[in-house]
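**Q** Sharing a model that was predicted from the sequence below.
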Amino acid sequence: MILLFKIQWLAWKNRLLRSRGPERIKAAAFAGLGLLFFGLLHGGALRFLRAVHGVELAGPLLLVKILSMALMTAFFMILFSATITSFTTLFFARDLSLLVHTPLPHRTLFAFKSIETAVYASWMMALALVPFLAAYGRVTGQGAGFYLLLVALGVPFVWLASAGGIGLSLGLMRLFPARRVREIMLALSVIICTGLYLWVRWLAPARFLRADTMSATLEYIALLEAPSSPWLPSTWVAQAAAAFINGSARDALFHGGALTAAAALAFVALVAVGARTYYTGWASAQEAPRRKTRRTLGDEWRWVPPLFGTRFRAILGKDLAVFFRDSNQWSQLLMLASVAAIYLLSIHKLPLDSRFLKGLVSFLNIGMTGFVLASVALRFVFPAISLEGKSWWALRAAPVGLWEILWSKFLGGVAPIAGLGVLLVGVSNHFLGVDPFVARLSNVTVLIMAVTLSGMGVGFGALFPRFGVENVAQIQTSAGGVLFMVAGLFYVGATLALEAVLMRMHYFSAVVGRSLWSGPAVAAVAGAMLVLNALAFFLPLVWGHRHLARADI
Amino acid sequence: MIHAVGLTKRFGAVTAVEGLDLEVAPGEIFGYLGPNGAGKTTTVKLLTGLLRPTAGRAILGGHDVQADPRAAKKILGLVPDQPYVYPHLTGHEFLRFVGDLYEVDAAYQKKKIPELLEMFEIADRGDELVETFSHGMRQKLVLAGVLLHQPKVLFLDEPMVGLDPKSARLVKDIFQTLAGQGMTLFMCTHVLEIAERLCHRVGIVEHGRMTRVGTLAELRAQAAGGGNLEDVFLSLTGGDRYKDLLRFLA
């Protein structure tokens, strides 16, 4: 076991020591952004917790309840994350084919991989809790001892959540065919997350945060019983922390002891079960199901419109076939449907009672749709080049021009993105009851944005390709993905700023009852839009093309 | 048909290929031999345009691979050392994809693809996803793809790895037939028996430099002890030291 951790440590050390200049700059930039985000979170949490602490009599009690709620949320998120992560770390990780065939006992391997799963599944949640817990300590006037206690309680807490997730995935692997489990979980995870969000959104919790309803919010929190269930590890942590704050070392020890004992028990039980069942699960995960595929493509990709030549159609047809057969990719369609549903529901629930407010929201709606389109382009268009993966050689060794490849990726992405944009803006405009001018303007703008964002997505994807990754999520969350998103948001912001000129003329004309339209102003906006879109569309594509042409394979 | 002039590739401080000058004639099978890490795969990548040379030029059939890549790639076929093929395509679809990339006539593809699948004994798996294929089956699929578009120059990087004996024999016969029809073959291999049997000329590469080139008879004359290609190879690449290893194991 120590040897396995040593290998991990060496891999980390080598990656760190051998990182070059650009990688270090990238890491520093991300760390800076992260610290800024932490600062904002900490400030928000501090403000909220101070308000709660200030409530007469019930303040300290409410604080414990809030801590308990936050920890419960973290617990279930880690549990869920561990379930998903463990499929990869325990059953599909590349190093397993080597490790399983060493004389290492399966029990040791399983224990090591379980700990690795717990780390991967929880580090982000643990980091996200830091600003909140720091604020909690400040509000309750605690010193270093409190934070040390939280660290000590954090380890068994995280382990208990992870053990639950790992146990769940072990059970699922016993019950269902291995590769199906991963697909089922992917689909389920999207459906559950969307369902939860829609449910919460329907409850419209934002109204609880308004100043006039703050007291009702606190009453609501006080009434919630579920987070204080004595059987939840989150309650034990919250109770131990509360006891420490109150100076009751005995109670803090009791709750902390219960947590640690439960974690130790969970470790022993999980490893005992894993020692018996893990190898069978791993072995079944290695068996690719021999399923025949109906030739749904008919004459392969002959159904793709014959506008663009054989090679072009071949690439586009291949991409579509691969998309619908790869669970990592089609599951994102569910995500797309979720985004559309969440967005439209949010628009539907907006309380708009004045003409001005309606106009403002319909204008901002263009920007929001642009934001959604940029996010969708990040998921579907940006990874298009990287998803060629290790088969990229087949395209590059063939007599296919890089522009042909880039255009086929662009056309494959632009149609669904434009369709989504028109749907979002059309339905939301209907909910908002906007006038014909705004409806026309938003439709045209969204179509232009769909084209430009798709071009940007392909261009940035070509500029920052990651052919070696196994999972599409790693492509989206890469530095290139972040840069694309930032550039996309700048583009949407600039579009909105230009359109504000037109919207202002339109609304002011309606207010004063005569036309305030200015020909030169409209021409200037049109010219600026043309330049903006040409730059945003072509520059990344040209840069991406240049990068791929120079890149070694 | 293959013409390399001072072809060089450096990765930072490491020189993977240094000043390669080479001429391979139409219909010739050229064997490229060398120890692991000598620069064989890098050379193939340079000659097929998958890598940009630090210096020098690669010309295929009169087309500069860097200056006129499309014309050069139209006449070349590549079987890489790792047959990575889109895992979510079926074998049949992959061949159709390759055929379309090279703009092979659709009617010809319809007739030829089942024949190729049959020839490589993977016809019964043709409609299954490539992710279920073994390494050898993927290798056969890539070879079938290359035969489908009938290149003038064929680059083979360890083409026999993963093939069963029957398929390996079939592939050897195919290579000889293709060379007989005028196709030029450039083959990297570790299997010296194959090089000895198939190749008209052999180049030996060490530390990025092609140190020897010639027919087997010419190489034998250069080596100290003569013998078969294995003896010649070991003698020329300093493999005699393996005798010490054998003594140690004994």
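**A** Structure received.

**Q** Do I have it right that A:Ala384 meets A:Leu411?
**A** No: taking contacts as C-beta atoms under 8 Å, A:Ala384 lies outside contact range of A:Leu411: 10.6 Å. (C-beta placed from N, C-alpha, C; glycine too.)

**Q** Neighbour count: the two, which is higher?
**A** The neighbour count for A:Ala384 versus A:Leu411, taken as other C-beta atoms under 10 Å in any protein chain shown, is higher for A:Ala384 (25 against 19).

**Q** What is the neighbour count of the residue lying closest to that one once chain neighbours are set aside?
**A** Once flanking residues are discounted, A:Ala384 sits nearest to A:Lys409: 4.0 Å by C-beta to C-beta, 6 or more residues apart in numbering or on different chains. A:Lys409: 28 surrounding residues under other C-beta under 10 Å.

**Q** what's the model's confidence in the strand or helix carrying A:Lys409, averaged?
**A** Using DSSP states H and E, A:Lys409 falls within helix A:402-432. If you average the pLDDT over helix A:402-432, you get 90.

**Q** who does it touch, helix- and strand-wise?
**A** helix A:310-325, helix A:327-348, helix A:355-380, helix A:436-463, helix A:519-550 (3 or more C-beta pairs under 8 Å, 6 or more residues apart in numbering or on different chains; DSSP states H and E).

**Q** what's B:Gly27 in contact with, if anything?
**A** By C-beta atoms under 8 Å, 6 or more residues apart in numbering or on different chains, the contact list for B:Gly27 reads B:179-184.

**Q** Which of those residues fall within helices?
**A** Judged by DSSP state H, helices contain the following of the contacts of B:Gly27: B:179-180.

**Q** Of the contacts of B:Gly27, keep whichever come out buried.
**A** In the contacts of B:Gly27, burial by neighbour count holds for B:179, B:183-184, counting by 16 or more other C-beta atoms under 10 Å in any protein chain shown.

**Q** can I get these in JSON lines with distance to A:His547?
**A** Listed next are these as JSON lines, based on distance: C-beta to C-beta, whole Å:
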{"residue": "B:Ala179", "distance to A:His547": "38"}
{"residue": "B:Met183", "distance to A:His547": "34"}
{"residue": "B:Thr184", "distance to A:His547": "32"}
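
**Q** What number of residues are in the vicinity of A:Ser169?
**A** 24.

**Q** next one: A:Phe132
**A** Applying other C-beta under 10 Å, we find 21 residues neighbouring A:Phe132.

**Q** doesn't A:Leu41 make contact with it?
**A** Yes: taking C-beta under 8 Å as the definition, A:Phe132 is a contact partner of A:Leu41 at 7.0 Å.

**Q** burial measure for A:Pro436, as a count.
**A** A:Pro436: 8 neighbours (other C-beta under 10 Å).

**Q** ok, and what's touching stretch A:354-369?
**A** A:343, A:347, A:350, A:352, A:421, A:424-425, A:428-429, A:432-434, A:438, A:441-442, A:445-446, A:449, A:492-493, A:495-496, A:499-500, A:503, A:507.

**Q** Name the nearest residue to the residue most central in space within chain B, ignoring sequence neighbours.
**A** In chain B, the centroid-proximal residue (C-alpha atoms, centre = their mean) is B:Leu156; its distance is 1.4 Å. Sequence neighbours aside, B:Met187 is the residue nearest to B:Leu156 in space, at 4.3 Å (criterion: C-beta to C-beta, 6+ apart).

**Q** which stretch of helix or strand covers that neighbour?
**A** strand B:184-188.

**Q** What segments of chain B are strands?
**A** B:2-11, B:14-24, B:29-33, B:55-60, B:63-64, B:76-79, B:153-157, B:184-188, B:201-206, B:209-214 (DSSP state E).

**Q** Provide the strand pairings for the shortest one, with the direction of each partner.
**A** So the one you mean is strand B:63-64. Looking at strand B:63-64 with DSSP bridges, its partner strands are strand B:55-60 (antiparallel).

**Q** Same question for the first one.
**A** Listed by DSSP bridges, the sheet partners of strand B:2-11 and their directions read strand B:14-24 (antiparallel), strand B:55-60 (antiparallel).

**Q** any chance of those in JSON lines, plus mean neighbour count and mean pLDDT?
**A** Shown next, in JSON lines, are the strands paired with strand B:2-11 (neighbours: other C-beta atoms under 10 Å in any protein chain shown; pLDDT from 0 to 100):
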{"stretch": "strand B:14-24", "mean neighbour count": "18", "mean pLDDT": "92"}
{"stretch": "strand B:55-60", "mean neighbour count": "20", "mean pLDDT": "94"}
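
**Q** any chance of the ones you listed in JSON lines, plus distance to B:Ala168?
**A** Formatted as JSON lines, the strands paired with strand B:2-11 follow (distance: least, C-beta to C-beta, whole Å):
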{"stretch": "strand B:14-24", "distance to B:Ala168": "23"}
{"stretch": "strand B:55-60", "distance to B:Ala168": "27"}
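
**Q** residues in contact with the residue of the stretch 451-553 of chain A found nearest chain B?
**A** Per C-beta to the nearest C-beta, A:Ile553 is where the stretch 451-553 of chain A lies closest to chain B, at 4.2 Å. Going by C-beta under 8 Å, 6+ apart, A:Ile553 touches A:392-393, A:396, B:45, B:50-51.

**Q** let's go with 10 Å and repeat that
**A** Residues in contact with A:Ile553 (C-beta atoms under 10 Å, 6 or more residues apart in numbering or on different chains) are A:390, A:392-393, A:395-397, A:467, B:45, B:48-52, B:80.

**Q** Kindly reformat those residues as TSV and extend each row with distance to A:Leu16, neighbour count and pLDDT.
**A** Output for the contacts of A:Ile553, formatted as TSV (distance: C-beta to C-beta, whole Å; neighbours: other C-beta atoms under 10 Å in any protein chain shown; pLDDT from 0 to 100):
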residue	distance to A:Leu16	neighbour count	pLDDT
A:Lys390	26	16	90
A:Trp392	28	20	92
A:Trp393	31	21	92
A:Leu395	34	20	92
A:Arg396	32	22	91
A:Ala397	36	23	91
A:Phe467	23	17	89
B:Lys45	30	26	93
B:Thr48	36	26	93
B:Gly49	35	23	91
B:Leu50	31	21	91
B:Leu51	29	22	92
B:Arg52	30	15	91
B:Pro80	32	23	92
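
**Q** among the residues you listed, which are in helices?
**A** A:392-393, A:395-396, B:45, B:48.

**Q** Can you pull out the low-pLDDT segments for chain B?
**A** For chain B, the stretches with pLDDT under 70 are B:223-226, B:236, B:238-250.

**Q** Check chain A too.
**A** Looking at chain A by pLDDT under 70, you get A:19-23, A:177-229, A:287-307, A:328, A:331-332, A:335, A:351-353, A:470-471.
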